[in-house]
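# structure for this input, please:
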Amino acid sequence: MATQKKIPVPVFTEVNRDVFLREIYPRRKPAVLRGVCLGPCVDKWTVDYLAQKGGTKEVKVHVSSVSQMNFLQKNFVYRTLPFDEFVKRTSEEKHADFFLCEEPADLWKQFPELAEDFHIPHFFEPGQFFSSVFRISSCRLQLWTHYDVMDNLLAQVTGRKRVVLYSPQDALHLYLTGDKSEVLEIDSPDVNLYPEFVKAVRYECVLEPGDLLFIPALWFHNTLALQFGVGVNMFWRQLPADSYDKKDPYGNKDPVAASRALQTLERALRCLDELPPEYRDFYGRRMIQQIRERTFCDFQSSLQAASE
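Alright, predicted model coming up:
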């Protein structure tokens, strides 16, 4: 049986702003940054410390009876819990009431006392910063494969986490519904249902406590918590600010121009529905040809050509 090509995500040590911007960021590929100072959070953020500092402030969480989150069947519900209770339940190996998973929260806005322990690496300009997302994960929690439209630094403060990534150029192999892949079992996919999936190249790494993972915009990623852990996502705008939807509080909506293009494509496809099957097939192929000629590119080759 055919299997995906696997590539380990490279690990860089002794990375400062200059090294990141000169050697890592321009490649537009994932990279693990090891040894970057994240502040006292790496040592301080125990379960008891988090519960004490976070207190009884209520937070919304995803609740599911299984550890693999499924966006198609929506096998989770939203619940509200006091933060200290949420942290303690999430850290349990076995949950007495239900399985708890991570729910994003803004670290600086909702938990300023904890935010004091976390030092943001100064790799980007302050004006590019969009949001910081505080994540607390139960052991074995697996989030589906999806992409974000902004550059992302994932800081794994405590615990270990496996991350699998796929290039934007493999989008046609991932069976997308919106920004998410329909292939939930990425380690044992149904090749009869998803035959193209094996063509996607799989990048993989395991984040240790204190590691940073650079996830460029549009790179698909799937996370699996190997232990109870706490992390912080930091999102930066790669495009000018007015390229993004101003009503998007989470920064995960497609850029404005991309949304317009997708809406226009949907209208064009509805026009083709008025034609007999052989005409739809013919003009659909013409549209594919034009899209391929106007948009497809070998990104790494273009980067190499630009540097020559």
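# any weak-confidence spans in the protein?
By pLDDT under 70, the low-scoring segments of the chain are 1-2, 61-79, 94-104, 298-308.
# residue at max distance from the center of it?
Distance from the C-alpha centroid of the chain peaks at Pro276, with 40.6 Å (Cα atoms, centre = their mean).
# could I get the phi/psi values of that residue?
Geometry field for Pro276 lists phi and psi as phi -60, psi 160, criterion degrees, to the nearest 10.
# then Val157?
Summarising the backbone geometry of Val157 under the convention degrees, to the nearest 10, its torsions are phi -80, psi -50.
# so who does it touch?
Taking Cβ atoms under 8 Å, 6 or more residues apart in numbering as the definition of contact, the neighbours of Val157 are 38, 41-42, 45, 118, 209-210, 229-232. In this view, the C-beta of every residue, glycine as well, is placed from N, C-alpha and C.
# quick check: the farthest pair among those residues?
The distance between the two most remote of those (Cβ to Cβ) is 14.2 Å, for Phe118 and Gly229.
# show me how this structure divides into domains.
When the chain is parsed into structural domains using automatic domain parsing, the resulting residue ranges are 6-238, 256-307.
# looking at the ones you listed, which one is packed in the most?
Each of these was assessed for mean neighbour count using mean count of other Cβ atoms under 10 Å. The highest is domain 6-238, with a mean of 17.
# pull the distance from that one to the chain's centre.
Between the mean C-alpha location of domain 6-238 and the chain-wide mean there is a distance of 6 Å, by Cα atoms, centre = their mean, to the nearest Å.
# just the endpoints, please. Distance across it?
27 Å (Cα to Cα, to the nearest Å).
# please renumber the chain so that the first residue is 53 from this point on.
Right, with 53 as the first residue, what we last looked at is domain 58-290.
# and the domains of the chain: which comes nearest Asp300?
Once the domains of the chain are compared by Cβ to Cβ, domain 58-290 is nearest, at 8.8 Å.
# quick one, strands of the stretch 203-352 of the chain?
Taking DSSP state E, counting those that start in this stretch, the strands of the stretch 203-352 of the chain run over residues 203-210, 213-218, 228-229, 232-233, 254-259, 263-267, 272-277, 281-288.
# just checking: what are the partner strands of the second one?
Applying DSSP bridges to the sheet, strand 213-218 is found paired with strand 254-259 (antiparallel), strand 272-277 (antiparallel).
# could I get those strands as CSV with distance to Leu236?
Below are the strands paired with strand 213-218 laid out as CSV (distance: least, Cβ to Cβ, whole Å):
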stretch, distance to Leu236
strand 254-259, 15
strand 272-277, 9
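# roughly how far does Asp294 sit from Ala269?
Here the distance between Asp294 and Ala269 works out to 16 Å (Cβ to Cβ, to the nearest Å).
# can you check Gly230 too?
The spacing between Gly230 and Ala269, counted by Cβ to Cβ, is 16 Å.
# try Phe72
Looking at Phe72 against Ala269, where the rule is Cβ to Cβ, the gap reads 16 Å.
# run through who's touching the helix or strand that contains Arg187.
Under DSSP states H and E, the secondary-structure element containing Arg187 is strand 181-189. Outside of strand 181-189, the residues that reach it under the criterion Cβ under 8 Å, 6+ apart are 102, 138-139, 142, 153-160, 162-163, 166-167, 172, 202, 211, 213, 275, 277, 280-289, 302-303.
# one step back: can I get the domains of the chain in TSV including distance to Lys298?
Rendered in TSV, the data for the domains of the chain read as follows (distance: least, Cβ to Cβ, whole Å):
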stretch	distance to Lys298
domain 58-290	12
domain 308-359	9
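# which parts of the stretch 53-202 of the chain are helices?
Counting by DSSP state H, counting those that start in this stretch, one finds helices in the stretch 53-202 of the chain at the ranges 69-71, 93-96, 99-106, 135-143, 159-162, 164-167.
# looking at those, which is closest to Asp242?
With distances scored as Cβ to Cβ, the stretch of the helices of the stretch 53-202 of the chain nearest to Asp242 is helix 135-143 (30.5 Å).
# please save the CA atoms from the closest one in PDB.
Backbone C-alpha positions of helix 135-143 (Å, rounded to 0.1, in the frame of the first residue of the first chain) are rendered in PDB as follows:
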ATOM      1  CA  PHE A 135     -10.600  28.200  34.800                       C
ATOM      2  CA  ASP A 136      -9.100  26.500  37.900                       C
ATOM      3  CA  GLU A 137     -11.500  23.500  37.500                       C
ATOM      4  CA  PHE A 138     -10.900  23.400  33.700                       C
ATOM      5  CA  VAL A 139      -7.100  23.200  34.200                       C
ATOM      6  CA  LYS A 140      -7.300  20.400  36.800                       C
ATOM      7  CA  ARG A 141      -9.800  18.300  34.800                       C
ATOM      8  CA  THR A 142      -7.700  18.700  31.600                       C
ATOM      9  CA  SER A 143      -4.600  17.500  33.400                       C
END
